[in-house]
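Below is the sequence, then the predicted model.
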There are 2 protein chains.
Amino acid sequence: MTKVIIDDVAAEAGVSIKTVSRVMNREPNVRPATRQKVEEAAKRLGYRPNASARGLAGNRSYLIALLYDSPSAAYLTNLQSGVLAATQAENYGMVLQPCQYDDPHLADKILTTIRDARLDGVVLTPPLSDHRGLIDSLVDAGIPHVIVSPPATYMETSGGLCVYVDDKAAAQEMTAYILGTGLTRIAFIKGTPTHGAALQRFDGYKDALKAAGLDLDPELVKQGYFDFESGVKAAEELLALPQPPSAIFASNDEMAAGVLHVAHERGLKVPDDVSVVGFDDTPLSRQIWPALTTVRQPIRQMGGCAARMLISRIRQSGDAASTALPYELVIRHSTGGPK
Amino acid sequence: MTKVIIDDVAAEAGVSIKTVSRVMNREPNVRPATRQKVEEAAKRLGYRPNASARGLAGNRSYLIALLYDSPSAAYLTNLQSGVLAATQAENYGMVLQPCQYDDPHLADKILTTIRDARLDGVVLTPPLSDHRGLIDSLVDAGIPHVIVSPPATYMETSGGLCVYVDDKAAAQEMTAYILGTGLTRIAFIKGTPTHGAALQRFDGYKDALKAAGLDLDPELVKQGYFDFESGVKAAEELLALPQPPSAIFASNDEMAAGVLHVAHERGLKVPDDVSVVGFDDTPLSRQIWPALTTVRQPIRQMGGCAARMLISRIRQSGDAASTALPYELVIRHSTGGPK
DNA sequence: CTGAAAGCGCTTACAG
DNA sequence: CTGAAAGCGCTTACAG
């Protein structure tokens, strides 16, 4: 119960406190035998480094911030939980930083916050992942950062660290699945245009049509904004067409929920009259009726991966590289064919 | 850009650093004029206290922890956002602490975490709000804490700090509303039995029936556990009854979503064949079809209130008292009557 | 109501 | 690969 400090561990291991410090911070240049001796002593004593002392002496916080602007609650909590777990395993802490994408001074404010709180690095999440001004400021200021679901152009033009899912391949595969159920008149509801993933999903849809030898019918493509309301609006237009689609692929679950809403109001049976597909596999997709066919992204793992990459970059361990994580098609009851 | 420290503020205000410290920590015994002088100097210089230095010198973290065990994502993010805002306004920080209700060593683990991280206090959220062992440990160890939605018995028997909504009155009012639409055969799906709010909601339902001169029909009351699945199960039993209910009041939105699911599968029209009501006003309640009539709790405000009460208790400012926040009936399309 | 001194437990340079 | 000294920016006692 009585608190254990670095001197205790040093005494127990028979080394100086500086060596204990090296081990706790995973610094190189410690003999394996010494490292092990220190780790055992720390464990035996139940030593936990004092975060405040570390922060004060090192002029930094050992904290990373999760930057977000009102994503869906499910997305945020999953990502958060992944970041938190990874962060604690590395003797780091996580703080939450709500942001406003539209704030013209966003980049300045964030930089100030980072300096004031001596934050070690930040994780950017959609839609902030698309905020070029913010990203550029971070790069210019030399702030370590990792981007979750970056814009397509960013991935190609920079050496920045990113975590993502191959949205294009996922959308292509899902479109192919729908085609496989015998439906060819497939509508698509696009996501927010500035969001990289939105573009990729649309590309995947187009590629699948092309691969099947089908032409893209422009009247079957509607602009949405990743929210329920825009899904409703797009669905109303689509289902009022003289020749309505036999399937609607919405770029995310919330818009798909909007589509279901409109289908129900019009007395349409899903999937008999129209198939509906989403993207994300949020809890919502299981709770609406019928349960939604969708694409699962491993959000929690993406958070963990982002945190580990960021910390490794902060420590200059230098073996961090952008990572693509696997997606998965989840076939439920809003589409025909085998479940 | 160059960092401002307490000495700079002291010099600017013409006082000692100790006085600046008093002002920043809202301590008493500072002449108003002096306080103002310091506050102006701090503002002019853009002074932000160094959290690490405060923590090290004070042997505490100026951090409060939000303790939770997998509540709904919407609930967590809302509460979190309220706590975060209040906390920052008071020069405190917030950390997240996931817990496992069923862990037999939960109380010990939490106490250890609190000591290791020198946490100043904790906010308990459902279902941890009902964990007597945890609460007792916190009380015994003298750890400042605030309970969100406490068990009914706790409120009456202890001087503990709580934030809550009058669940009983809300459920009573909602039941009365359903009765007002002309329906009398109203079923009720209870929530997790150990959860105080679950009991209160059931009490409110019973009181409303009694006030209307109606007898409680035991076969119309089902046990649920605040999750989608248990809502499905309860609804299946209810709707298979020889004389099914004309309305179903689920103790939360997720269970209500389960009820809608079953109703749709059975080809029942909502609200024509059966009215459905939830509790919480999560985003889900707007995204399912038809949009759900429910009760809104001001979750975000509850978080802010809890944080302010906790910090005031930590500072021994001593004017904190348990607080009831207002609820609101949200009438949408899953019930008959005027919208 | 206000202040001068000591010290919290680490990391940073620097040395070897 | 390892260590001795200094100091980070606050708060805590203690004084007056």
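Cool, the structure landed.

Might you enumerate the residues of the stretch 101-250 of chain A proximal to chain B?
A:R115, A:D116, A:A117, A:R118, A:F228 (CB under 8 Å from any CB of the partner chain). All C-beta spots, glycine's among them, are computed from the backbone N, C-alpha and C.

The same query, at a cut-off of 6 Å, please.
A:D116, A:F228 (CB under 6 Å from any CB of the partner chain).

residue boundaries of the strands in the stretch 101-250 of chain A?
Secondary structure of the stretch 101-250 of chain A (DSSP state E, counting those that start in this stretch): strands at A:121-124, A:145-148, A:161-165, A:186-190, A:221-223, A:247-250.

and among the ones you listed, the most buried is which?
Counting by mean count of other CB atoms under 10 Å in any protein chain shown, strand A:247-250 has the highest mean neighbour count of the strands of the stretch 101-250 of chain A, with a mean of 30.

Would you mind pulling the contact partners of that one?
The set of residues external to strand A:247-250 that reach it, using CB atoms under 6 Å, 6 or more residues apart in numbering or on different chains, is A:178, A:183, A:186-189, A:231, A:256, A:259, A:275-278.

Now for those: which two are most distant?
Maximum pairwise distance among the contacts of strand A:247-250 (CB to CB): 19.2 Å, between A:L183 and A:G231.

Give me the more crowded residue out of the two.
A:G231 (31 against 17; other CB atoms under 10 Å in any protein chain shown).

which residue packs closest to the more buried one, ignoring adjacent ones?
Take A:G231 and drop its neighbours on the chain: the residue closest to it by CB to CB, 6 or more residues apart in numbering or on different chains is A:G258, 2.5 Å away.

helix/strand/coil for the one you found?
Under DSSP: H, G, I helix; E, B strand; the rest coil, A:G258 falls in the helix class.

what's it in contact with, if anything?
Listed by CB under 6 Å, 6+ apart, the contact partners of A:G258 are A:F228, A:G231, A:V232.

From those, which land in helices?
Using DSSP state H, the members of the contacts of A:G258 that fall within helices are A:F228, A:G231, A:V232.

Can you find the residue of the stretch 201-339 of chain A that comes nearest to DNA strand D?
A:S317 (14.6 Å; CB to the nearest atom of the strand).

ok, that residue to A:G159 distance?
16 Å (CB to CB, to the nearest Å).

who's more crowded, the two?
A side-by-side neighbour count of A:S317 and A:G159, using other CB under 10 Å, places A:S317 first with 12 against 7.

Run a quick neighbour tally on the nearest residue to that one once chain neighbours are set aside.
Distances taken as CB to CB, 6+ apart place A:R26 nearest to A:S317, at 7.4 Å, with adjacent residues excluded. Per other CB under 10 Å, the neighbour tally for A:R26 reads 14.

again with A:D108
Residues near A:D108, counting by other CB under 10 Å: 13.

Also A:A42?
A:A42: 21 neighbours (other CB under 10 Å).

Pull out the buried positions in the helix or strand in which it is found.
Element membership for A:A42 (DSSP states H and E) is helix A:32-45. For helix A:32-45, a neighbour-count test (16 or more other CB atoms under 10 Å in any protein chain shown) marks A:T34, A:R35, A:K37, A:V38, A:E39, A:A41, A:A42 as buried.

In those, find the pair that's most separated.
Farthest pair in those (CB to CB) is A:T34 and A:A42. Separation: 12.5 Å.

re earlier: can you put the ones in helices among the contacts of A:G258 in a markdown table and add distance to B:H264?
Output for the ones in helices among the contacts of A:G258, formatted as a markdown table (distance: CB to CB, whole Å):
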| residue | distance to B:H264 |
| --- | --- |
| A:F228 | 18 |
| A:G231 | 19 |
| A:V232 | 18 |
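
So among the residues you listed, where is pLDDT lowest?
Minimum pLDDT for these is recorded at A:F228 (92).

show me what contacts that one?
Contact partners of A:F228, counting by CB under 6 Å, 6+ apart, are A:E254, A:A257, A:G258, B:Q287.

which phi and psi does the first one have?
Here is the backbone geometry of A:E254 (degrees, to the nearest 10): phi -60, psi -40.
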